[in-house]
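Peer 1: the amino acid sequence is not available; the structure is as follows:
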């Protein structure tokens, strides 16, 4: 299932410009939660125990945010090179892309944006509760989402975890933001993530 949530461009530019960025960014997260609720409670297409989610980079922010808001809806989550330490990253203008990204998230040096961004930053909103199983990935040479973002997020999730779900970190010591450049390594990485999800969903028997 692909969730066409506000913040994307599937429904035209206003879906992104007016309803899914700056001070409306939380719509992205509540829309995603609404999609998951619709799948499990209205369509009965699946159940939380069989629902896994995945997002990459800024999509990893989405994953981190919804895990804080509604962890009970999901069994497993994969966050690839996730942008989860929003406040620290966006407050450091020496990091590549930070200043340019003000146009997307807002400038945290302005109080209005600072408080709003802080309200959804995944790292800053981790609390003691039952989280689903999580696999986070990072690349040592990633210039966009530095490797310490998923590392510190995973450490905080582990400390806050009140459930039995595994909280795992996989750091590629030779990769950047876009991970594997050759197809065979890409396939191996995809297989690793699929294996994680299938194990968490209890789908490991060969049919």
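Peer 2: Received, thanks. Bear in mind the structure is a predicted one, so any value in this text is a computation, not a measurement.
Peer 1: for this protein, which segments are assigned as helices?
Peer 2: 13-17, 26-37, 58-69, 86-90, 102-105, 111-120, 148-160, 183-200 (DSSP state H).
Peer 1: quick one, what contacts residue 104?
Peer 2: Residue 104 makes contacts with 21, 58, as judged by CB atoms under 8 Å, 6 or more residues apart in numbering. To be clear about C-beta, it is placed using only N, CA and C from the backbone, and glycine gets the same treatment.
Peer 1: got a pLDDT number for it?
Peer 2: At residue 104, the pLDDT value in this model is 93.
Peer 1: residues contacting the residue nearest to the spatial centre of the chain?
Peer 2: The residue lying closest to the centre of the chain (CA atoms, centre = their mean) is residue 60, at 2.3 Å. Counting by CB under 8 Å, 6+ apart, residue 60 touches 79-84, 136, 145, 150.
Peer 1: pLDDT check: weakest of those residues?
Peer 2: For the contacts of residue 60, the model is least confident at residue 145; its pLDDT is 91.
Peer 1: look up phi and psi at it.
Peer 2: The phi and psi values for residue 145, taken as degrees, to the nearest 10, are phi -120, psi 100.
Peer 1: verify the stated contact: it with residue 138.
Peer 2: Yes. Assessed by CB atoms under 8 Å, residue 145 is found in contact with residue 138 at 7.4 Å.
Peer 1: now do the shared contacts for these two.
Peer 2: residue 81.
Peer 1: flag the shaky bits of the protein, pLDDT-wise.
Peer 2: Residue ranges of the chain with pLDDT under 70: 180-181, 206-207.
Peer 1: go again using 80 as the cut-off
Peer 2: Residue ranges of the chain with pLDDT under 80: 176, 178-183, 204-207.
Peer 1: that older thread, right, so the helices of the chain: which one is the most enclosed?
Peer 2: helix 58-69 (a mean of 24; mean count of other CB atoms under 10 Å).
Peer 1: do you know how far residue 115 is from residue 121?
Peer 2: For residue 115, the distance to residue 121 equals 11 Å [CB to CB, to the nearest Å].
Peer 1: identify whichever of the helices of the chain lies nearest to residue 50.
Peer 2: helix 183-200 (9.7 Å; CB to CB).
Peer 1: centre of the chain to the closest one, how far?
Peer 2: Taking CA atoms, centre = their mean, to the nearest Å, one finds helix 183-200 lying 17 Å from the centre of the chain it belongs to.
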